[in-house]
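Peer 1: Kindly return the folded structure for what I paste below:
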Amino acid sequence: GADIVTNIDELSPDHLGSAELVEERKVGEDKMVFVLGCKNPKSVSILIRGGLERVMDEAERGIHDALSVVADCIEVGKIVPGGGASEIEMALAVRKYADSVKGRERWAVEEFAEALEVIPKALAENAGLDPIEIVMDLRRYHKEGKKAYGVEIFSGECMDMFEAGVMEPFNVKKYVVESAVEAASMILRVDEIIAAAKAKPPKGKEGEEELPEEF
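Peer 2: Okay, here's the model as predicted:
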């Protein structure tokens, strides 16, 4: 809880903090100062150690991703169930809307619903489960009103994702769907595709292709 003071002459009791323990420890070949038991700390340090640099880099990325997810949840204050539950619920809503669409446009709406179900299918396949069976079960659960049901990959069963502790930040899910819609809309607005010709190898002085030198 201490404040940084650039001039020691300006130091006052208001700038001081408090801690239960301040000690120097030897970590490997380095000496580090540990400040423990601070009240309402504004920042903390995470010490990552490992035998390989690649392992430590992977651990650092994992911790960074986890902290980013927590920060998003706290900032927005909204979460959605994971395990493909959100995508299944959105797909059911899109299919319901497709019933009110006539003509060829209905096909596009139904295909969008199919695209949303790619997420739970991929989760099932990566877990060694039957993707078709999982998606059919999730559709049935969601039609029964169990909107938080998704696939729990460790048990291989469909269950309530909130109870299983599998959740995702709302704003991340929203951004993913919006980006997918924008990308699909951009492709659909393409009127014509021009195929680029393959580049030809350089030719010699007399119009013949140069052969690579032999060594």
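
Peer 1: can you give me phi and psi for residue 36?
Peer 2: As for residue 36, its main-chain torsions (degrees, to the nearest 10) stand at phi -120, psi 160.

Peer 1: For it, which residues count as its bridge partners?
Peer 2: Beta-bridge pairing for residue 36 (DSSP bridges): residue 21.

Peer 1: Pull the number of nearby residues for it.
Peer 2: Number of residues near residue 36 (other CB atoms under 10 Å) recorded here: 9. Yep, even glycine has a C-beta here, placed from its N, CA and C like the rest.

Peer 1: now do residue 33
Peer 2: 8.

Peer 1: Equivalent analysis for residue 80, please.
Peer 2: When neighbours are counted by other CB under 10 Å, residue 80 comes out with 20.

Peer 1: Now it. Its backbone dihedrals?
Peer 2: phi -130, psi 160.

Peer 1: ok, and the closest non-adjacent residue to it?
Peer 2: Of all residues not flanking residue 80 in the chain, residue 86 sits nearest, at 4.7 Å (CB to CB, 6 or more residues apart in numbering).

Peer 1: residues touching residue 179, list them.
Peer 2: With contact set as CB atoms under 8 Å, 6 or more residues apart in numbering, residue 179 has no partners.

Peer 1: Output the top helix by length along the chain as CSV - backbone C-alpha positions only.
Peer 2: As assigned by DSSP state H, the longest helix anywhere in the chain is helix 53-76. Taking C-alpha atoms only, helix 53-76 is exported to CSV below (Å, rounded to 0.1, in the frame of the first residue of the first chain):
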residue,chain,number,x,y,z
GLU,A,53,12.3,-21.8,-21.4
ARG,A,54,9.5,-23.1,-23.7
VAL,A,55,7.7,-24.5,-20.7
MET,A,56,7.9,-21.2,-18.9
ASP,A,57,6.7,-19.3,-21.9
GLU,A,58,3.7,-21.6,-22.2
ALA,A,59,2.9,-21.2,-18.5
GLU,A,60,3.2,-17.4,-18.8
ARG,A,61,0.8,-17.4,-21.8
GLY,A,62,-1.6,-19.5,-19.8
ILE,A,63,-1.6,-17.3,-16.8
HIS,A,64,-1.9,-14.2,-19.0
ASP,A,65,-5.0,-15.7,-20.7
ALA,A,66,-6.6,-16.7,-17.4
LEU,A,67,-6.1,-13.2,-15.9
SER,A,68,-7.5,-11.6,-19.1
VAL,A,69,-10.6,-13.7,-18.8
VAL,A,70,-11.1,-12.8,-15.2
ALA,A,71,-10.5,-9.1,-16.0
ASP,A,72,-13.1,-9.3,-18.8
CYS,A,73,-15.7,-10.9,-16.5
ILE,A,74,-15.1,-8.3,-13.7
GLU,A,75,-15.2,-5.4,-16.2
VAL,A,76,-18.4,-6.4,-18.0
